[in-house]
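**Student:** Next input, structure requested:
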Amino acid sequence: MNSWPPVETTVPDRHPDAPAPDTELPEHYAHCFGCGDSVEHGLRLRATAGEGMTVRSRFTVTTEHQGAPGLAHGGLLACAFDEALGSAVGHLLRRPAVTAKLETDFLRPVPVGTTLVIDAHLDGIAGRKVYVSAEGTVEGTTAVRARALFITVDLKHFVDHGRPEDIRRVAENPALLGRSIDVNP
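**Tutor:** Next comes the predicted model:
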């Protein structure tokens, strides 16, 4: 991988309302494939706030997540990293953001029945661009590395581009969101 972040950035400050280290983080949306509990065969990724600008996530690979026999599907591993990296951005900066670019390096297979531990770190901010990187280990051995560019957006982005029935469902039942959203960060 090339130099990261690829542009000059500032080191982000942890938002004053960010969860304290060792706090278990809630799902951000009940119907999220990455972290939601309402998705039958979703990843059900679980995350904990870390020190500084870090979040640790855990994803247990089930038979529903395999590609090759007995091994996690690479696309689902990329999805797990997208979720873990996005969790770091959302929880530590308390700003809505969307994935603009995600790069993954698969170093070792991740077997069904194992738990991938993903340590994500906010690396820098340049305007609306947020650079994040992560390393995933299985039983202490690095299996996957990733880095991503997220773009902070207004909540209007989700209203304008989300399905109206889903937006309406959240408006009627805000408990579908795992935490309150800062409307004017």
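**Student:** give me the element V89 is part of.
**Tutor:** With secondary structure defined by DSSP states H and E, V89 is part of helix 74-93.
**Student:** Nearest residue to R14 in space, ignoring adjacent ones along the chain?
**Tutor:** In space, and not counting its chain neighbours, R14 is closest to L92: 5.5 Å by C-beta to C-beta, 6 or more residues apart in numbering. C-beta here means a position set from N, CA and C on the backbone, and glycine is covered the same way.
**Student:** Can you show me the strands along the protein?
**Tutor:** Under the criterion DSSP state E, strands of the chain are mapped to 24-25, 46-49, 54-60, 97-106, 115-126, 129-138, 141-152.
**Student:** So for V170, which of these sits nearest?
**Tutor:** V170 sits nearest to strand 97-106 of all the strands of the chain, at 16.5 Å, using C-beta to C-beta.
**Student:** where does the residue sitting furthest away from the middle of the chain fall, phi/psi-wise?
**Tutor:** For the chain, the largest distance from the centre (C-alpha atoms, centre = their mean) belongs to P69, which lies 26.2 Å off. Backbone geometry at P69, expressed as degrees, to the nearest 10, gives phi -50, psi 120.
**Student:** Look up how far F158 lies from it.
**Tutor:** Going from P69 to F158 by C-beta to C-beta, to the nearest Å gives 38 Å.
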